[in-house]
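Colleague: This is a predicted model, with the sequence first.
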Amino acid sequence: MAASFIVSMASWVAEHLWILLLPLAALAGVVAVGMYLQREAARREVIRAQGLRYVVEHLDGLHYTQFEYAVRDLLRRDGCQDAEQVGGGGDQGADVKATDPFGRRWVIQCKHRKKGWSGSAVGTPDLQRLNGTGRQIHGGDVIVMLTNGRFSKEAPNFAKSQRLHLVDRHLLAQWASGSHPLWELLPAVPPPRKPTSLS
């Protein structure tokens, strides 16, 4: 009896194969919808990033972690698709890392000042820490100390001697407004690592 039941079921399934295809069709539909939604989210993010602008006074009001995310988003706006916020405990001197469209690896230490320009100046001790990790540990080509404030009088000379780049409040305001990518605003940025359609 069991054998005849199995034979009759097999015969019925053979005549109604389309029923077996229903779960596969449903799964394919779910995958297709998921992929469409992912593409749409990526497209919206590109459109948002292309129009991203900040005024420096807005950046003053951010928490320092939000400030780091804002810097990450500005890098993404300018074409650094892998830009990531990595700051936090044990960050070893890097708050944001990215690769620009020319293949250069950026390592940025952010110093947020609630009082902006009138806050405490970023000095050489901070630059020395960044200098000790930016290339050796993080593999950076372009090492940047960035602040919404100012730098001490000694900082520019030390930065120049160590091939570090400084972004103060004024340069940050220019970059955040969308005028140019950061690499076009900084002097003596290393040459591209690889040719691109932008070079």
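Modeller: Perfect, thanks for sending it.

Colleague: alpha carbons only for contacts and neighbour counts from here, please
Modeller: Fine.

Colleague: List the buried residues for stretch 114-130?
Modeller: The neighbour-count criterion (16 or more other Cα atoms under 10 Å) identifies 114, 116, 117, 121, 122, 123, 124, 127, 128, 130 as the buried residues of stretch 114-130.

Colleague: which residues does the fifth one bridge with?
Modeller: Listed by DSSP bridges, the beta-bridge partners for residue 122 are residue 151.

Colleague: who are the neighbours in contact with the residue nearest in space to the middle of the chain?
Modeller: Centroid-nearest residue in the chain, with Cα atoms, centre = their mean: residue 83, separated by 2.1 Å. By Cα atoms under 8 Å, 6 or more residues apart in numbering, the contact list for residue 83 reads 72, 73, 75, 76, 96, 97, 98, 99.

Colleague: and the buried residues of stretch 114-130, which of them are in helices?
Modeller: 124, 127, 128, 130 (DSSP state H).

Colleague: Would you reformat these as TSV and include distance to residue 53?
Modeller: Conversion of these to TSV gives the following (distance: Cα to Cα, whole Å):
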residue	distance to residue 53
124	30
127	27
128	31
130	27
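
Colleague: Which one of the residues you listed is nearest to residue 147?
Modeller: Ranked by distance to residue 147 (Cα to Cα), those are led by residue 127 at 12.0 Å.

Colleague: Is it correct that that closest one is in contact with residue 161?
Modeller: No. Look at residue 127 against residue 161 with Cα atoms under 8 Å: they stay out of range, at 11.2 Å.

Colleague: for residue 160, what are its contacts?
Modeller: By Cα under 8 Å, 6+ apart, the contact list for residue 160 is empty.

Colleague: What's the mean pLDDT across the helix or strand hosting it?
Modeller: In the assignment (DSSP states H and E), residue 160 maps to helix 155-161. For helix 155-161, the mean pLDDT works out to 97.

Colleague: Cool, thanks, talk later.
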